[in-house]
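# show me the folded form of this:
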Amino acid sequence: MPALNLPPLAAIRAFESVARHLSFTKAAAELGMTQAAVSYQIKLLEERVGLPLFLRRPRQIVLTEAGQRLAPAVTEAFTLLANAYAAVRNAADRTLSISSIQTFASNWLARHLGSFQIRHPSLAVRLETEGRLVDFAREEVDVGIRSGGGSWPGLDSHMLIPADFTPMMSPRLAESTGGVNEPADILRLPILGPRDPWWMQWFAAAGVEAHDLAERPGSSMGSQASEGSAAMAGQGVAILTPALFAAELADGRLIQPFDILGNDGHAYWLVYPEGRRNVPKIRAFREWLLAEIAASAGKE
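All right, here's what the predicted structure looks like:
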């Protein structure tokens, strides 16, 4: 499509307002401009058109023939633009877009979102899992769930749960070696993701030397959700965050043999742009999520 040869938008806006009010004074008040600025924009437009658009009479202005031809088309164009903007804005206001790391999305958020939607039936939720930090300035995302230290420039952040970690396994795997009675017993079992730095931190907290752990062959599945599934299938011991596997621990699909928890200072956080903290859908989700997290912690 060839480039449109249009005059400046400010000049078209000024013309539409003056033509509707037949008054430079009223148009200036509506547009938040001075009367001189409105007159200047009309002059620019008339120069581009090559014809006068208004006849200036004492205490009155009227549209010229050229102005009468132009005014309805400009009004229609602004109406179409306003309607399109309203439709897009309405759709955006009715959809909450959430970007979350995979394990929090699958092991916590997806299991609780139903109660949010019951409270806010007019709000559709779009949940996407991301292995990267989304750019709120460039992507259509309202809120994010991130893991880290909690400080991201330009974002408000609310801690949800600490990213504690501890070994978990299926009861059947534990029984296969006669039970796991002390932390060193874990080294006799297949370990999932042995190069994960959480393992060395946890063994250090447990007072167990595991210098050769990183040299072990083993699968790295990229997320707690995947390694938790492998652990439930009896494929090995995974190091996981207990709060994200509360249901699996409660129904016995996983066991946590020790109370020893590691923590590298990270946590899971709700984040969103600072300037959008009072957007109704973001405020509604924040209030619901923080209350739901507190209620879940109280049940554990």
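# so, low pLDDT: which residues of the stretch 101-250 of the chain?
Of all residues in the stretch 101-250 of the chain, those with pLDDT under 70 make up the ranges 218-219.
# which residues in it form strands?
Assigned by DSSP state E, counting those that start in this stretch, the strands in the stretch 101-250 of the chain fall at 124-129, 143-148, 155-162, 166-168, 238-240.
# just say which of the ones you listed is most tucked in.
Highest mean neighbour count among the strands of the stretch 101-250 of the chain (mean count of other Cβ atoms under 10 Å): strand 238-240, with a mean of 27. Using the backbone N, CA and C atoms, a C-beta is placed for each residue, glycine as well.
# which neighbours does that one have in its sheet, and in what orientation?
Here strand 238-240 is paired, per DSSP bridges, with strand 166-168 (antiparallel).
# what's next to the strand it pairs with, contact-wise?
With Cβ atoms under 8 Å, 6 or more residues apart in numbering as the test, strand 166-168 has contacts from 186, 202, 228, 231, 237-240, 242, 245, 248-249, 254-262.
# and those, which are buried?
Among the contacts of strand 166-168, those classed as buried by 16 or more other Cβ atoms under 10 Å are 186, 202, 228, 231, 237-240, 242, 245, 248-249, 254-258, 262.
# restricted to helices, list those residues.
202, 228, 231, 248, 249 (DSSP state H).
# just give me the closest of these to residue 95.
The shortest approach to residue 95 among those belongs to residue 228, at 30.1 Å (Cβ to Cβ).
# that closest one against residue 245, yeah?
Yes - applying Cβ atoms under 8 Å, one finds residue 228 in contact with residue 245, separated by 5.8 Å.
# intersection of neighbour lists for these two?
Shared contacts of residue 228 and residue 245, defined by Cβ under 8 Å, 6+ apart, comprise 107, 168, 254.
# residues contacting the last one?
Shown in contact with residue 254 (Cβ under 8 Å, 6+ apart): 168, 169, 170, 228, 231, 232, 240, 245, 248.
# and the residue nearest to the fifth one when sequence neighbours are not counted, how far from residue 226?
Among residues not flanking residue 231 along the chain, residue 238 sits closest, at 3.9 Å (Cβ to Cβ, 6 or more residues apart in numbering). When distance is defined by Cβ to Cβ, to the nearest Å, residue 238 is 9 Å away from residue 226.
# quick one: the helices in the protein?
Applying DSSP H to the chain gives helices spanning 9-21, 24-31, 35-49, 65-93, 102-104, 110-119, 171-176, 197-206, 224-232, 246-250, 280-299.
# next, the angle helix 24-31 makes with the first one.
Read that as helix 9-21. Angle between the axes of helix 9-21 and helix 24-31 is 120 degrees (criterion: axes from the mean of the first three to the mean of the last three Cα atoms, to 10 degrees).
# what are the contacting residues of helix 9-21?
Residues from elsewhere that reach helix 9-21 (Cβ under 8 Å, 6+ apart): 6, 24, 26-27, 30-31, 33, 38, 41-42, 44-45, 48, 53-54, 61, 63, 67, 70-71, 74-75, 78.
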